[in-house]
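Q: pasted the sequence and its predicted model underneath.
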Amino acid sequence: MLLKSISPCLSASSHLPAVASQWRTVLQRPRSFSVSCRRPIMEMSGFTPEQVMVREAVSKICSNFPDEYWAERDESGEYPHELHASLAKDGWIGIALPEELGGAGLGISEATMMLHTISESGAGIAGAQSVHANVYATQPVAKFASPAQRQKMLPKLIKGEWRACFGITEPSTGLETLKLRTTAKRDGDFYKISGQKIWISSAQVAQKMVLLARTTPLKEITRPSKELSLFFIDFDKTAPGLDLRRIKKMGGRAIDANEIFFDNYRVPADSLIGAEGQGFEIVLHGMNAERCLLAGEALGIGYAALKRATEYARERVVFGRPIGQNQAIQHPLAAAYMNLEAAKLATYHAARLYDENSKDSSITQYAVGVACNSAKYLAAEAAFTACEQAVLAHGGMGYAQEYHVERYLRESLVPRIAPVSKEMILNFVGEKVLGLPRSY
Ligand SMILES: Cc1cc2nc3c(=O)[nH]c(=O)nc-3n(C[C@H](O)[C@H](O)[C@H](O)COP(=O)(O)OP(=O)(O)OC[C@H]3O[C@@H](n4cnc5c(N)ncnc54)[C@H](O)[C@@H]3O)c2cc1C
């Protein structure tokens, strides 16, 4: 799994001049790096040279955006344009997109490491979300769009000139995606979109949306998974028929979340990806990638919280000794570490299955789905526990903004809820893996 040997594919970096030179340097260096004055909490043994390179280069970019930057953005709600621009400048937005489109041609294993590293830098889920949709929502487009569509849709996203948001969730259907109500009706050379989406991240700054909509009316449903279609649309907030409203939220406030209202919003017919009715099948490709990325983001925030907690526990002296000398403080942190390490194995195992599925026929779509869902569940739970323990280890100061762990705790709830809740993953594993009766 993580120990697989891999020959460095230097050609993959040919479109990334800044990154390529770092890569070559990394490959000649011993496999270690320093993110703190002590040994890094997260163990990097066994990762591939590509993943180590990603970690080093992305850590370097993120070091320009300290915790204070994220605390300020969380308070102001202002989008972290600077991080997105820095990542785009060095070619990171297209990390998992094909080289012929300007991407790096790497996989979800490396993209997961990128999001993990961004989150662990203190940027948290908010920092990761500033690029997240551009990485996973473009996966089904890269795989299922025609060559002409790909050329039109992806290079500007990779360069950072455009940003994409992902439109699936709806207020009236929630997790029951197959019942979604937003419709796309063919009208000559156009589709007219009507309906409502909710919780759409980054829609305020996005120029494009990857949209799942119904092309077969709900009342005519016969095969629910064959009646949705995927579109890559212009998201033109000045055009008639499109409106949005920002949602006030608990954490990750630098990234806007929105309700979107479509009312006969017109998009060209060639915005359709694949064939009508294939949308659900196609979007699953992006959803499995998203579960891996979110698992990586969860791990990042969990390790960041643990690092802060252990530093505080070493330094804070009460009753004449460091609080970390008390087992009531030390043991939960040690347990949180082991849970994160276990979730880390599950996460990079899932990402590897995702990447190798197309090359290795022994890896089934079912195995990929089980691994990606399990990884997201385990990483989200491990991260939440680590963040909670970090707040508790800080005592009263855990509640103070200046120690940042309260921000991490608020953000660590997101991977437990989205893109699929923990309950729905338990339902999926109970039914599909354990063969128990469907509970919903
Ligand atoms: C910060 C944030 C960012 C997001 N970004 C995006 C985005 O960019 N694009 C997008 O499309 N969506 C986005 N989402 C939406 C997210 O994917 C959904 O919130 C999530 O899928 C849950 O759907 P819901 O909120 O409608 O919950 P509901 O479907 O209303 O479910 C509510 C609760 O009931 C539980 N439940 C429901 N049915 C069952 C059952 N049968 N068995 C057990 N439990 C059940 C659920 O697990 C959940 O806990 C985002 C959400 C958040 C919070």
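A: Looks like it arrived, so ask away.
Q: need the residues of this protein near the ligand, please.
A: Residues of the chain found near the ligand (C-beta under 6 Å from any ligand atom) are 165-169, 174-175, 199-201, 252, 257, 414, 417-421, 423-424, 427, 440. In this view, the C-beta of every residue, glycine as well, is placed from N, C-alpha and C.
Q: from the residues you listed, list just the buried residues.
A: Those of these that meet the buried threshold are 165-169, 199-201, 252, 257, 414, 418-420, 424, 427, by 16 or more other C-beta atoms under 10 Å.
Q: which one of these is nearest to Phe190?
A: Using C-beta to C-beta, Gly167 is the member of those that sits closest to Phe190, with 17.9 Å.
Q: which residues does that closest one bridge with?
A: With DSSP bridges as the criterion, Gly167 is bridged to Leu211.
Q: count the neighbours of Pro66 for me.
A: 13 (other C-beta atoms under 10 Å).
Q: verify the stated contact: it with Gly122.
A: Yes: between Pro66 and Gly122 there is a contact under C-beta atoms under 8 Å: 6.4 Å.
Q: other SSEs contacting the helix or strand Ile158 falls within?
A: Element membership for Ile158 (DSSP states H and E) is helix 155-159. Applying 3 or more C-beta pairs under 8 Å, 6 or more residues apart in numbering; DSSP states H and E, we find helix 155-159 packed against no helix or strand.
Q: show the average pLDDT along it.
A: For helix 155-159, mean pLDDT rounds to 96.
Q: for that helix, which residues meet the burial criterion?
A: Neighbour-count burial for helix 155-159, counted by 16+ other C-beta under 10 Å, picks out Pro155, Leu157, Ile158.
Q: what ranges do the strands span in the chain?
A: Taking DSSP state E, the strands of the chain run over residues 164-167, 183-187, 190-201, 208-214, 228-234, 242-246, 257-268, 272-273, 317-318, 321-322.
Q: can you put the ones you listed in a markdown table and add distance to Pro147 and mean pLDDT?
A: Formatted as a markdown table, the strands of the chain follow (distance: least, C-beta to C-beta, whole Å; pLDDT from 0 to 100):
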| stretch | distance to Pro147 | mean pLDDT |
| --- | --- | --- |
| strand 164-167 | 19 | 97 |
| strand 183-187 | 23 | 97 |
| strand 190-201 | 21 | 98 |
| strand 208-214 | 18 | 98 |
| strand 228-234 | 14 | 98 |
| strand 242-246 | 29 | 98 |
| strand 257-268 | 17 | 98 |
| strand 272-273 | 13 | 98 |
| strand 317-318 | 64 | 98 |
| strand 321-322 | 61 | 98 |
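Q: now those strands as CSV including distance to Ala386?
A: Listed next are the strands of the chain as CSV, based on distance: least, C-beta to C-beta, whole Å:
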stretch, distance to Ala386
strand 164-167, 27
strand 183-187, 42
strand 190-201, 23
strand 208-214, 31
strand 228-234, 36
strand 242-246, 30
strand 257-268, 24
strand 272-273, 38
strand 317-318, 22
strand 321-322, 20
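Q: which one of those lies closest to Ser374?
A: Ser374 lies closest, by C-beta to C-beta, to one member of the strands of the chain: strand 164-167, at 22.0 Å.
Q: same for the closest one, what does it pack against?
A: On a contact count with 3+ C-beta pairs under 8 Å, 6+ apart, strand 164-167 meets helix 124-136, strand 190-201, strand 208-214.
Q: most tightly surrounded among these?
A: Looking across the helices and strands packed on strand 164-167 with neighbours counted as mean count of other C-beta atoms under 10 Å, the highest average goes to helix 124-136: a mean of 28.
Q: got the confidence number for whichever residue of the chain sits closest to the ligand?
A: With C-beta to the nearest ligand atom, the shortest gap between the chain and the ligand falls at Gly174, namely 2.4 Å. Listed pLDDT for Gly174 reads 93.
Q: just checking, Leu409 touches Leu392?
A: No: using C-beta under 8 Å, Leu409 is not in contact with Leu392; the gap is 9.8 Å.
Q: and the biggest helix by length in the chain with strand 228-234, angle?
A: The longest helix of the chain (DSSP state H) is helix 279-315. Put simply, helix 279-315 runs at 70 degrees to strand 228-234, going by axes from the mean of the first three to the mean of the last three C-alpha atoms, to 10 degrees.
Q: list the buried ones in helix 279-315?
A: Using 16+ other C-beta under 10 Å as the test for burial, helix 279-315 gives 279-313.
Q: next one: stretch 42-52
A: When burial is assessed from 16+ other C-beta under 10 Å, stretch 42-52 yields the following buried residues: Met42, Phe47, Thr48, Pro49, Glu50, Gln51, Val52.
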